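Enquirer: Sequence isn't available, so here's the structure alone:
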Ligand SMILES: C[S@@+](CC[C@H](N)C(=O)[O-])C[C@H]1O[C@@H](n2cnc3c(N)ncnc32)[C@H](O)[C@@H]1O
């Protein structure tokens with residue numbers, strides 16, 4: 001996706017955003033899989049703009065379709081429909097001046113023979129949308145697709161799911177984990193970067209900042225990590241020198257927390273390419289860990305004082321940051337993940353020293369990947385217990401802790417900007 005010499009300001013980013021929206025909604029590709037490749041010829045500013053446009057539009061695509069519905073007697077081809085959606089999003093949600101938006105999407109329609117004869121439709125519909133943009137604020141919050149909504153309603157009720165959907169539509173702020181575990185350091189960085197310290201110790205900034213330009217990034221004084229994602233390592237809280245296996249480690253946020261706490265960490269992951277990011281992150285932050293690439297189910301190591309198993313999962317707890325996920329997935333690969341989680345738990349329990357602990361977590365909203373996994377593991381491993389006391393760390397509301405572990409949700413901390421959905425527990429094998 002190249003910038004063309006004839007492009008007016010903003011057109012290159014819009015062209016890329018539209019191509020990315022096509023990739024998600026038509027090709028069913030995750031943004032993380034296509035973003036770098038499809039924006040590689042753009043300037044860093046245009047790439048950031050394209051990413052922001054498509055991500056924010058995806059959060060409210062449902063609302064864009066509601067605005068468009070009355071103006072379309074039949075749905076046009078996907079590329080045209082996506083251009084209309086981007087136009088509605090820019091006019092209604094971003095409050096951009098309509099003439100610039102209309103011109104941009106009409107120009108983009110003209111660039112492809114198959115869409116060029118729809119330029120009149122795009123022009124006419126977007127102008128009508130501009131005339132009725134006041135309706136936008138009254139539209140209901142976007143709903144999750146049925147395949148995901150149904151199991152969530154069964155677990156959290158309709159009101160619970162509606163609260164999560166409202167939180168997901170708002171997006172996510174940017175959270176940092178400061179390298180030191182001393183609270184005053186988090187306060188110092190919050191002051192320096194214009195953020196706030198959250199009850200659990202992360203520093204929260206406005207999401208619109210460019211991370212790599214911030215003070216402390218290059219020096220590795222902190223790294224980006226959602227507040228909820230920082231909890232498993234805070235809960236594991238290793239003693240200095242403890243042998244800890246981070247069993248599914250890449251890209252390494254939790255490895256770095258554990259290493260910064262003084263643990264002797266072995267970071268294991270099946271993906272060589274993702275492991276390269278762990279190496280880079282450790283180097284940037286001046287931290288060290290033993291690196292192992294391989295399948296955790298076949299890994300022969302240990303025994304360990306503690307194991308962190310941040311298992312591969314549906315990532316449904318991160319939809320506020322990854323709004324492409326519900327459009328790309330359909331739930332068909334979920335049972336395979338649940339089975340893998342079960343095998344990984346069994347493997348982890350077999351690598352612990354007597355008296356050791358397993359911190360199991362998933363960035364998922366599904367009970368099958370959290371509470372249900374714990375109940376099943378207890379049935380398979382007589383004597384296995386949940387250490388609920390270990391979950392009671394500063395900033396954690398005791399209402400979030402159930403019999404099987406700690407559950408966070410996107411609608412928690414509503415006044416602070418929410419948090420990712422996670423399930424975290426501490427398991428201790430019997431003697
Ligand atoms: C949720 S991510 C881990 C995130 C990481 N703990 C962090 O905080 O940055 C899950 C990871 O599991 C890895 N994975 C999947 N199957 C695996 C297996 N059989 N053995 C080891 N790692 C695996 C994936 O490559 C992925 O990096």
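Expert: On my side now, so go ahead. Everything numeric here is computed off the predicted structure, so don't read it as measured data.

Enquirer: Give me the residue ranges of the stretch 51-200 of the chain where confidence is low.
Expert: 181-184 (pLDDT under 70).

Enquirer: Can you point out the buried residues in stretch 325-340?
Expert: Judged by neighbour count using 16 or more other Cβ atoms under 10 Å, the buried positions of stretch 325-340 are 325-329, 331, 334, 337-338, 340. In this view, the C-beta of every residue, glycine as well, is placed from N, C-alpha and C.

Enquirer: Farthest pair within those?
Expert: The span of these, defined through Cβ to Cβ, is set by 327 and 340 at 23.6 Å.

Enquirer: contacting residues around the residue nearest to residue 227 when sequence neighbours are not counted?
Expert: Nearest non-adjacent residue to residue 227, counting by Cβ to Cβ, 6 or more residues apart in numbering: residue 202, 4.1 Å away. Residues in contact with residue 202 (Cβ atoms under 8 Å, 6 or more residues apart in numbering) are 175-177, 186, 225-227, 230.

Enquirer: just the buried residues of stretch 325-340 now: which is nearest the ligand?
Expert: The ligand lies nearest to residue 340 out of these, by Cβ to the nearest ligand atom, at 6.4 Å.

Enquirer: ok, and the closest non-adjacent residue to the closest one?
Expert: In this structure, residue 340 finds its nearest non-sequential neighbour in residue 312, 6.3 Å apart by Cβ to Cβ, 6+ apart.

Enquirer: Mind checking what secondary structure the one you found has?
Expert: Recorded secondary structure, residue 312: coil (DSSP: H, G, I helix; E, B strand; the rest coil).

Enquirer: That one: neighbouring residues, count only.
Expert: Here the number of neighbours of residue 312 (other Cβ atoms under 10 Å) works out to 17.

Enquirer: now do the one 4 residues further on
Expert: In terms of burial, residue 316 registers 26 neighbours under the definition other Cβ under 10 Å.

Enquirer: Would you confirm that it contacts residue 370?
Expert: No. Contact criterion Cβ atoms under 8 Å: residue 316 and residue 370 do not qualify, at 10.8 Å.

Enquirer: Now do the shared contacts for these two.
Expert: Here residue 316 and residue 370 have residue 364 as joint contacts, going by Cβ under 8 Å, 6+ apart.

Enquirer: what sits against residue 387?
Expert: By Cβ under 8 Å, 6+ apart, the contact set of residue 387 is 357, 426-428.

Enquirer: swap that for residue 187, sorry
Expert: By Cβ under 8 Å, 6+ apart, the contact list for residue 187 reads residue 197.

Enquirer: Remind me which helix or strand it belongs to.
Expert: Using DSSP states H and E, the secondary-structure element containing residue 187 is helix 183-193.

Enquirer: which neighbours does the helix or strand just after that helix have in its sheet, and in what orientation?
Expert: Later in the chain than helix 183-193, the nearest helix or strand by DSSP H and E is strand 196-197. Paired neighbours of strand 196-197 in the sheet (DSSP bridges): strand 203-205 (antiparallel).

Enquirer: any idea how far residue 276 is from residue 291?
Expert: Per Cβ to Cβ, to the nearest Å, residue 276 is found 10 Å from residue 291.

Enquirer: typo on my end, residue 275
Expert: In this view, residue 275 and residue 291 are 6 Å apart by Cβ to Cβ.

Enquirer: Tell me the residues that contact both of the two, please.
Expert: Joint contacts of residue 275 and residue 291 (Cβ under 8 Å, 6+ apart) are residue 267.

Enquirer: Let me know how buried residue 37 is, in neighbour terms.
Expert: Here the count is done by other Cβ under 10 Å, and residue 37 has 9 residues near it.

Enquirer: and it, what helix or strand is that in?
Expert: Counting by DSSP H and E, residue 37 is part of helix 31-38.

Enquirer: Figure out how far whichever helix or strand comes after that helix is from the centre of its chain.
Expert: As assigned by DSSP H and E, the chain's next helix or strand after helix 31-38 is helix 44-59. On the basis of Cα atoms, centre = their mean, to the nearest Å, helix 44-59 sits 15 Å off its chain's mean C-alpha point.

Enquirer: Figure out the helix or strand that residue 305 lives in.
Expert: Taking DSSP H and E as the criterion, residue 305 maps to strand 304-310.

Enquirer: List of residues touching that strand?
Expert: Residues outside strand 304-310 that contact it (Cβ under 8 Å, 6+ apart) are 232-233, 236, 238-239, 242-249, 254, 258, 263, 266, 344-345, 348, 351-353, 356-363.

Enquirer: Who are the contact partners of the residue most central in space within the chain?
Expert: The residue lying closest to the centre of the chain (Cα atoms, centre = their mean) is residue 318, at 3.5 Å. Applying Cβ under 8 Å, 6+ apart to residue 318 gives the contacts 226, 325, 363, 420-421.

Enquirer: if I read this right, the residue nearest to residue 340 contacts residue 337, doesn't it?
Expert: Yes. If you go by Cβ under 8 Å, residue 312 and residue 337 touch, sitting 6.2 Å apart.

Enquirer: If you count neighbours, what's buried in stretch 336-354?
Expert: For stretch 336-354, by 16+ other Cβ under 10 Å, it's 337-338, 340-342, 344-345, 347-349, 351-352.

Enquirer: Next, give phi and psi for residue 423.
Expert: Dihedral angles of residue 423 (phi, psi; degrees, to the nearest 10) stand at phi -120, psi 130.

Enquirer: hang on, it packs against residue 402?
Expert: No. Assessed by Cβ under 8 Å, residue 423 is found out of contact with residue 402, at 9.5 Å.

Enquirer: Mutual contacts of the two, please.
Expert: Residues touching both residue 423 and residue 402 by Cβ under 8 Å, 6+ apart: residue 371.

Enquirer: Looking at the two now, which is surrounded by more residues?
Expert: Shown here are residue 423 and residue 402; by other Cβ under 10 Å, residue 423 has more neighbours (29 against 16).

Enquirer: ok, the residue of the stretch 101-250 of the chain found nearest the ligand - how many residues close by?
Expert: Nearest residue of the stretch 101-250 of the chain to the ligand (Cβ to the nearest ligand atom) works out as residue 248 at 3.1 Å. Neighbour count of residue 248, defined by other Cβ under 10 Å: 23.
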